[in-house]
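Give me the fold of what follows.
(4 chains, ligands or ions: 4)
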There are 2 protein chains.
Amino acid sequence: MEEQALSILRDHGLSVTTVRKGILDVFLKTGQALSHSDLEGQASGQLDRVTVYRTLQAFVGKGIIHVIPTSDNSLRYALCRDACVDGHHHDRHVHFICHHCGKATCINQLDVPSVRLPRGYRMQEVSMVVHGVCPNCD
Amino acid sequence: MEEQALSILRDHGLSVTTVRKGILDVFLKTGQALSHSDLEGQASGQLDRVTVYRTLQAFVGKGIIHVIPTSDNSLRYALCRDACVDGHHHDRHVHFICHHCGKATCINQLDVPSVRLPRGYRMQEVSMVVHGVCPNCD
DNA sequence: ATGATTCTGCAACTCTGTTGCAAATTTAGT
DNA sequence: ACTAAATTTGCAACAGAGTTGCAGAATCAT
Ligand SMILES: [Mn+2]
Ligand SMILES: [Mn+2]
Ligand SMILES: [Zn+2]
Ligand SMILES: [Zn+2]
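Ligands and ions are numbered 1, 2, ... in the order given. I've put the predicted structure just below:
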């Protein structure tokens, strides 16, 4: 676990610090998509808000995590499973958010279906978010 | 136009006020998906921030407008084309957001494709947002 | 027209996210 | 292992987004 965080940082060209390993460990342990405030709480020891923001930005930029938009204005972040490099993401899977427990999950086995946009639109990224009730809360 | 705003309010059981007609008119005129701050600017005369928040909430609740989540934490709102009633929305079309001009558009003619979630997940709502470059900016 | 109900605008507040900067940590070179 | 350069961290201060309570204004039903 510790080891894994370390190699992820190395592999993506980020210097290895306590904070970064800590945040990455939370992602690895929970396996969930986490909001900014989830992280402020869950990580061992107190984390500075600003540092969390900057760390998440860095992780997104380097392709370590990806962003999940929600309809309640609270972004979630989750580890990239595929090898996303330097901001060029290709995590085209469906995301699920439970209305009951609030947990966000990457449905890695389910790719976002492709769509044909009307003439003139150029697609760069696509996201599909499903809201509902998760297996745990059903 | 004025008439249309009026009947939309009546049809959804909301009392008719200057502010509500004003905000609804902006949606009708532009035909675009608008952010909160778009509205504060565009409406004729000054609008109170708080009133805009409460108006948008009321409209979403009554099924007059729907929410479009984005990956930059700024919600957009757009008129429901179908007859959504009392919070029970069924606007299952794709949304497009242009990276260049920032405009958000309902692609009404393109339904969100259906997906089969893994066993145990119960789907309630689904949203599909495409980011890219719009015809005007291409 | 009148009273009951709902909506509006203001003030005050909390929460979220950003920026600049100095101290601490990490990295790379010796 | 030591050192200097580069990066990261935490703090303070700020700007923006969103919420709540309340009194006056507008709307609605009779
Ligand atoms: Mn994901
Ligand atoms: Mn729409
Ligand atoms: Zn759940
Ligand atoms: Zn555009």
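
contacts, neighbours, all on C-alpha from now
Fine.

how many neighbours does A:Val60 have?
23 (other C-alpha atoms under 10 Å in any protein chain shown).

How about it, nearest residue that isn't a chain neighbour?
A:His66 (5.7 Å; C-alpha to C-alpha, 6 or more residues apart in numbering or on different chains).

can you list the weak-confidence ranges in chain A?
For chain A, the stretches with pLDDT under 70 are A:1-2, A:44, A:82-84, A:86-87.

Reduced to three states, what does A:Gln4 come out as?
helix (DSSP: H, G, I helix; E, B strand; the rest coil).

Find the nearest non-adjacent residue to the residue nearest the centre of chain A, please.
Computing the C-alpha centroid of chain A and ranking residues by C-alpha atoms, centre = their mean puts A:Ala78 first, at 1.8 Å. Counting by C-alpha to C-alpha, 6+ apart, A:Ala78 lies nearest to A:Ala33, which is 4.4 Å off, once chain neighbours are set aside.

For the helix or strand harbouring A:Val50, C-alpha coordinates in PDB please.
Using DSSP states H and E, the element containing A:Val50 is helix A:49-62. Extracted C-alpha coordinates of helix A:49-62, given in PDB (Å, rounded to 0.1, in the frame of the first residue of the first chain):
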ATOM      1  CA  ARG A  49      -7.200  22.700   3.000                       C
ATOM      2  CA  VAL A  50      -5.100  24.600   0.500                       C
ATOM      3  CA  THR A  51      -2.600  21.700   0.300                       C
ATOM      4  CA  VAL A  52      -5.400  19.300  -0.500                       C
ATOM      5  CA  TYR A  53      -6.600  21.500  -3.300                       C
ATOM      6  CA  ARG A  54      -3.200  21.800  -4.800                       C
ATOM      7  CA  THR A  55      -2.500  18.100  -4.400                       C
ATOM      8  CA  LEU A  56      -5.700  17.200  -6.100                       C
ATOM      9  CA  GLN A  57      -5.000  19.600  -9.000                       C
ATOM     10  CA  ALA A  58      -1.500  18.100  -9.400                       C
ATOM     11  CA  PHE A  59      -2.900  14.500  -9.400                       C
ATOM     12  CA  VAL A  60      -5.600  15.400 -12.000                       C
ATOM     13  CA  GLY A  61      -2.900  17.200 -14.100                       C
ATOM     14  CA  LYS A  62      -0.600  14.200 -14.000                       C
END
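
if I read this right, the residue nearest to A:Val60 contacts A:Leu75, doesn't it?
No. Assessed by C-alpha atoms under 8 Å, A:His66 is found out of contact with A:Leu75, at 10.1 Å.

between those two, which one's more packed in?
A direct count of neighbours by other C-alpha under 10 Å for A:His66 and A:Leu75 places A:His66 higher, at 25 against 19.

So which bits of chain A are right by DNA strand D?
Near DNA strand D, the residues belonging to chain A are A:14-15, A:17-20, A:47-48, A:50-51, A:54-55, A:73 when assessed by C-alpha under 7 Å from any atom of the strand.

Tell me which ones among those also neighbour DNA strand C, please.
A:Leu14, A:Ser15, A:Thr17, A:Thr18, A:Val50.

quick one on the thing from earlier: next helix or strand past the host helix or strand of the residue nearest to A:Val60?
When elements are assigned from DSSP H and E, A:His66 belongs to strand A:65-68. Using DSSP H and E, the helix or strand that follows strand A:65-68 in sequence is strand A:76-79.

who touches the helix or strand following that following strand?
Remark: after strand A:76-79, the chain's next helix or strand is strand A:93-98, criterion DSSP H and E. For strand A:93-98, contacts defined as C-alpha atoms under 8 Å, 6 or more residues apart in numbering or on different chains pick out A:68, A:103-112, A:127-134.
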